[in-house]
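Asker: predicted model, plus sequence, below.
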Amino acid sequence: MNDSVSKYVLLLCIAYAYIRLLVTYIRFFARYMFNERVGWDKYIERPRLLFYGIGLLLMHTTYSKIIKDSQESLSVYSILNLVVFVQGFVFSQITWSKMFKGVFIPSIKKKLRSSKNFNISASKSHLDRLYDELVRYEMLRLERTTREDFLNALTNNWNAHESKIHFNLDSPSAREFYEFFTASFPNNSMTLKDFFETSNVIRRPDGKPYNYSTIKNAPIRTPVSKRNGDLQVVFLSFQNQ
(Lines give C-alpha, C1' and ligand atoms only; values in the text may rest on other atoms or scores of the structure.)
Protein backbone atom coordinates (compact mmCIF):
# COMPACT_ATOMS: atom_id res chain seq x y z
CA MET A 1 0.00 0.00 0.00
CA ASN A 2 1.55 3.35 -0.96
CA ASP A 3 1.89 6.26 1.42
CA SER A 4 -1.03 8.33 0.11
CA VAL A 5 -3.48 5.42 0.25
CA SER A 6 -2.47 4.45 3.80
CA LYS A 7 -2.75 8.10 4.88
CA TYR A 8 -6.30 8.43 3.53
CA VAL A 9 -7.38 5.09 5.04
CA LEU A 10 -6.20 6.19 8.48
CA LEU A 11 -7.84 9.60 8.10
CA LEU A 12 -11.07 7.91 7.00
CA CYS A 13 -11.05 5.80 10.17
CA ILE A 14 -10.58 8.88 12.36
CA ALA A 15 -13.27 10.81 10.47
CA TYR A 16 -15.72 7.90 10.75
CA ALA A 17 -15.20 7.73 14.52
CA TYR A 18 -15.88 11.46 14.92
CA ILE A 19 -18.88 11.52 12.58
CA ARG A 20 -20.57 8.58 14.25
CA LEU A 21 -20.15 10.20 17.65
CA LEU A 22 -21.31 13.63 16.48
CA VAL A 23 -24.44 12.29 14.77
CA THR A 24 -25.59 10.67 18.02
CA TYR A 25 -24.89 13.66 20.25
CA ILE A 26 -26.34 16.18 17.82
CA ARG A 27 -29.59 14.24 18.17
CA PHE A 28 -29.40 14.57 21.96
CA PHE A 29 -28.79 18.31 21.58
CA ALA A 30 -31.65 18.74 19.10
CA ARG A 31 -34.11 16.95 21.41
CA TYR A 32 -32.98 19.15 24.28
CA MET A 33 -33.42 22.33 22.25
CA PHE A 34 -36.95 21.36 21.19
CA ASN A 35 -37.97 20.36 24.74
CA GLU A 36 -38.33 16.70 23.88
CA ARG A 37 -37.23 13.78 26.04
CA VAL A 38 -33.48 13.64 25.51
CA GLY A 39 -33.02 9.93 26.25
CA TRP A 40 -29.57 10.47 27.77
CA ASP A 41 -28.54 7.56 30.00
CA LYS A 42 -25.47 8.58 31.96
CA TYR A 43 -24.70 4.98 32.89
CA ILE A 44 -24.19 4.21 29.19
CA GLU A 45 -23.06 7.53 27.72
CA ARG A 46 -20.36 8.39 30.26
CA PRO A 47 -18.50 5.06 29.83
CA ARG A 48 -18.97 5.43 26.06
CA LEU A 49 -17.32 8.87 26.10
CA LEU A 50 -14.47 7.49 28.23
CA PHE A 51 -13.86 4.63 25.81
CA TYR A 52 -14.19 6.99 22.86
CA GLY A 53 -11.71 9.42 24.36
CA ILE A 54 -9.14 6.68 24.95
CA GLY A 55 -9.69 5.27 21.46
CA LEU A 56 -9.32 8.63 19.74
CA LEU A 57 -6.24 9.44 21.83
CA LEU A 58 -4.58 6.22 20.68
CA MET A 59 -5.51 6.91 17.06
CA HIS A 60 -4.24 10.50 17.08
CA THR A 61 -1.05 9.58 18.96
CA THR A 62 -0.06 6.87 16.50
CA TYR A 63 -1.29 8.47 13.25
CA SER A 64 1.66 10.80 12.68
CA LYS A 65 4.12 8.07 13.68
CA ILE A 66 2.59 5.64 11.20
CA ILE A 67 2.76 8.20 8.39
CA LYS A 68 6.37 9.02 9.24
CA ASP A 69 7.39 5.37 9.46
CA SER A 70 5.63 4.53 6.18
CA GLN A 71 8.09 6.80 4.40
CA GLU A 72 10.95 4.71 5.68
CA SER A 73 11.54 0.97 5.71
CA LEU A 74 8.95 -1.22 7.44
CA SER A 75 9.94 -2.00 11.03
CA VAL A 76 8.55 -3.67 14.13
CA TYR A 77 8.00 -0.20 15.58
CA SER A 78 5.79 0.88 12.68
CA ILE A 79 3.79 -2.35 12.89
CA LEU A 80 3.23 -1.81 16.61
CA ASN A 81 1.98 1.72 15.95
CA LEU A 82 -0.46 0.38 13.37
CA VAL A 83 -1.70 -2.25 15.82
CA VAL A 84 -2.25 0.43 18.49
CA PHE A 85 -4.14 2.59 15.96
CA VAL A 86 -6.44 -0.31 15.08
CA GLN A 87 -6.98 -1.05 18.77
CA GLY A 88 -7.93 2.59 19.32
CA PHE A 89 -10.46 2.42 16.49
CA VAL A 90 -11.96 -0.82 17.83
CA PHE A 91 -11.96 0.62 21.36
CA SER A 92 -14.15 3.51 20.22
CA GLN A 93 -16.49 1.54 17.96
CA ILE A 94 -17.19 -1.31 20.38
CA THR A 95 -19.18 1.19 22.45
CA TRP A 96 -21.99 1.01 19.86
CA SER A 97 -22.39 -2.75 20.20
CA LYS A 98 -25.15 -4.53 22.11
CA MET A 99 -22.46 -6.36 24.07
CA PHE A 100 -21.13 -3.06 25.46
CA LYS A 101 -24.55 -1.92 26.66
CA GLY A 102 -26.04 -5.24 27.73
CA VAL A 103 -23.03 -7.20 28.99
CA PHE A 104 -19.94 -5.08 29.55
CA ILE A 105 -21.47 -2.17 31.48
CA PRO A 106 -23.45 -4.34 33.96
CA SER A 107 -20.47 -6.66 34.56
CA ILE A 108 -18.08 -3.77 35.19
CA LYS A 109 -20.54 -2.15 37.59
CA LYS A 110 -20.79 -5.37 39.59
CA LYS A 111 -17.02 -5.79 39.75
CA LEU A 112 -16.43 -2.18 40.78
CA ARG A 113 -19.27 -2.05 43.25
CA SER A 114 -17.91 -1.33 46.72
CA SER A 115 -20.88 0.60 48.03
CA LYS A 116 -24.28 -0.58 49.18
CA ASN A 117 -26.90 0.63 46.77
CA PHE A 118 -29.13 -0.74 44.03
CA ASN A 119 -26.81 0.32 41.17
CA ILE A 120 -29.79 1.14 39.00
CA SER A 121 -29.07 2.14 35.39
CA ALA A 122 -31.88 4.63 35.00
CA SER A 123 -31.73 8.31 34.18
CA LYS A 124 -33.04 10.93 36.58
CA SER A 125 -35.73 11.87 34.07
CA HIS A 126 -37.01 8.29 34.02
CA LEU A 127 -37.13 8.10 37.81
CA ASP A 128 -38.81 11.50 37.98
CA ARG A 129 -41.45 10.28 35.57
CA LEU A 130 -41.91 7.07 37.55
CA TYR A 131 -42.40 9.12 40.73
CA ASP A 132 -45.05 11.24 39.00
CA GLU A 133 -46.89 8.14 37.79
CA LEU A 134 -46.85 6.54 41.25
CA VAL A 135 -48.21 9.74 42.76
CA ARG A 136 -50.86 9.94 40.05
CA TYR A 137 -52.10 6.44 40.91
CA GLU A 138 -51.77 7.06 44.66
CA MET A 139 -49.20 4.32 45.15
CA LEU A 140 -47.00 6.48 47.39
CA ARG A 141 -47.63 8.12 50.75
CA LEU A 142 -46.97 11.57 49.35
CA GLU A 143 -46.75 13.28 52.74
CA ARG A 144 -43.87 10.95 53.68
CA THR A 145 -42.13 10.45 50.33
CA THR A 146 -40.87 13.52 48.53
CA ARG A 147 -39.31 13.35 45.08
CA GLU A 148 -35.90 13.77 46.73
CA ASP A 149 -36.62 10.86 49.09
CA PHE A 150 -37.60 8.68 46.14
CA LEU A 151 -34.42 9.46 44.20
CA ASN A 152 -32.15 9.15 47.24
CA ALA A 153 -33.54 5.76 48.20
CA LEU A 154 -33.16 4.31 44.72
CA THR A 155 -29.84 5.80 43.63
CA ASN A 156 -27.68 6.66 46.66
CA ASN A 157 -25.86 4.51 49.18
CA TRP A 158 -28.34 3.23 51.74
CA ASN A 159 -26.37 4.56 54.70
CA ALA A 160 -25.78 8.00 53.14
CA HIS A 161 -29.27 9.41 53.77
CA GLU A 162 -32.40 9.08 55.88
CA SER A 163 -34.85 8.92 52.97
CA LYS A 164 -37.51 6.21 52.80
CA ILE A 165 -40.02 5.24 50.14
CA HIS A 166 -43.44 4.86 51.78
CA PHE A 167 -45.59 2.81 49.45
CA ASN A 168 -49.35 2.86 49.58
CA LEU A 169 -49.38 -0.81 48.49
CA ASP A 170 -50.15 -4.10 50.17
CA SER A 171 -47.51 -6.85 50.08
CA PRO A 172 -48.63 -8.57 46.83
CA SER A 173 -48.81 -5.20 45.04
CA ALA A 174 -45.40 -4.17 46.40
CA ARG A 175 -43.94 -7.44 45.15
CA GLU A 176 -45.39 -6.78 41.71
CA PHE A 177 -43.93 -3.26 41.78
CA TYR A 178 -40.50 -4.84 42.31
CA GLU A 179 -41.03 -7.22 39.40
CA PHE A 180 -42.21 -4.48 37.03
CA PHE A 181 -39.37 -2.20 38.11
CA THR A 182 -36.60 -4.77 37.58
CA ALA A 183 -38.10 -5.74 34.22
CA SER A 184 -38.23 -2.10 33.08
CA PHE A 185 -34.72 -1.26 34.36
CA PRO A 186 -32.87 -4.59 34.10
CA ASN A 187 -29.33 -3.18 34.48
CA ASN A 188 -29.14 -3.18 38.27
CA SER A 189 -27.88 -5.27 41.17
CA MET A 190 -31.20 -5.25 42.99
CA THR A 191 -32.37 -8.44 44.65
CA LEU A 192 -35.75 -8.98 46.28
CA LYS A 193 -34.14 -9.22 49.72
CA ASP A 194 -32.01 -6.11 49.20
CA PHE A 195 -35.00 -4.09 48.06
CA PHE A 196 -37.39 -4.98 50.89
CA GLU A 197 -35.08 -5.91 53.76
CA THR A 198 -31.34 -5.23 53.53
CA SER A 199 -31.58 -1.67 52.23
CA ASN A 200 -34.05 -0.59 54.94
CA VAL A 201 -35.40 2.14 52.64
CA ILE A 202 -38.79 0.63 51.72
CA ARG A 203 -41.82 1.08 53.97
CA ARG A 204 -45.44 -0.10 54.14
CA PRO A 205 -48.32 2.40 54.34
CA ASP A 206 -48.09 2.25 58.16
CA GLY A 207 -44.42 3.22 58.10
CA LYS A 208 -43.11 -0.22 59.06
CA PRO A 209 -40.85 -2.41 56.89
CA TYR A 210 -42.48 -5.04 54.73
CA ASN A 211 -42.18 -8.61 56.02
CA TYR A 212 -39.72 -10.28 53.66
CA SER A 213 -41.29 -13.74 54.03
CA THR A 214 -44.70 -12.32 53.12
CA ILE A 215 -43.24 -10.51 50.12
CA LYS A 216 -41.33 -13.60 49.00
CA ASN A 217 -44.42 -15.82 49.09
CA ALA A 218 -46.86 -13.21 47.76
CA PRO A 219 -47.08 -14.65 44.20
CA ILE A 220 -48.13 -18.03 45.63
CA ARG A 221 -50.83 -16.63 47.87
CA THR A 222 -51.96 -13.84 45.53
CA PRO A 223 -51.01 -14.52 41.87
CA VAL A 224 -52.52 -11.19 40.77
CA SER A 225 -52.46 -8.22 43.13
CA LYS A 226 -55.15 -5.59 43.62
CA ARG A 227 -53.05 -2.98 41.82
CA ASN A 228 -51.83 -5.16 38.96
CA GLY A 229 -53.73 -3.22 36.29
CA ASP A 230 -52.52 0.16 37.55
CA LEU A 231 -48.93 -1.10 37.78
CA GLN A 232 -49.06 -2.29 34.19
CA VAL A 233 -50.17 1.17 33.08
CA VAL A 234 -47.48 2.89 35.18
CA PHE A 235 -44.65 0.82 33.71
CA LEU A 236 -45.98 0.54 30.15
CA SER A 237 -44.01 3.55 28.91
CA PHE A 238 -40.76 2.18 30.37
CA GLN A 239 -40.89 -1.13 28.53
CA ASN A 240 -38.33 -1.70 25.74
CA GLN A 241 -36.82 1.76 26.09
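Answerer: The structure has been received and is ready for your questions.

Asker: which stretch of helix or strand covers the spatially closest residue to residue 137 that is not a sequence neighbour?
Answerer: Leaving out its chain neighbours, the residue that sits closest to residue 137 by CB to CB, 6 or more residues apart in numbering is residue 230, at 4.8 Å. Where C-beta positions appear, they are placed from N, C-alpha and C, glycine not excepted. Assigned by DSSP states H and E, residue 230 belongs to helix 228-236.

Asker: what about the strands in this structure?
Answerer: Remark: strands assigned in the chain by DSSP state E are 165-166, 202-203.

Asker: need those in CSV with distance to residue 16, can you?
Answerer: CSV is the format used below for the strands of the chain (distance: least, CB to CB, whole Å):
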stretch, distance to residue 16
strand 165-166, 46
strand 202-203, 47
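
Asker: mind checking how far residue 159 is from residue 165?
Answerer: As judged by CB to CB, to the nearest Å, residue 159 and residue 165 stand 16 Å apart.

Asker: tabulate the strands of the chain (CSV), appending mean neighbour count and mean pLDDT.
Answerer: Conversion of these to CSV gives the following (neighbours: other CB atoms under 10 Å; pLDDT from 0 to 100):
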stretch, mean neighbour count, mean pLDDT
strand 165-166, 21, 97
strand 202-203, 20, 96
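
Asker: hmm, the residue nearest to residue 137 is touching residue 139, no?
Answerer: Yes - with contact defined as CB atoms under 8 Å, residue 230 reaches residue 139; the gap is 7.2 Å.

Asker: lowest-pLDDT helix or strand in this protein?
Answerer: In the chain, no helix or strand scores lower on mean pLDDT, DSSP states H and E than helix 105-112, which sits at a mean of 67.

Asker: how about residues contacting stretch 136-146?
Answerer: 131, 134-135, 150, 164-169, 173, 177, 203, 205, 207, 227, 230-231, 233-234 (CB atoms under 8 Å, 6 or more residues apart in numbering).

Asker: can you select the buried ones from these in ChimeraX?
Answerer: To isolate in ChimeraX the members of these that are buried, counting by 16 or more other CB atoms under 10 Å, one can use:
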select :131,134,150,164,165,166,167,168,169,173,177,203,227,230,231,234
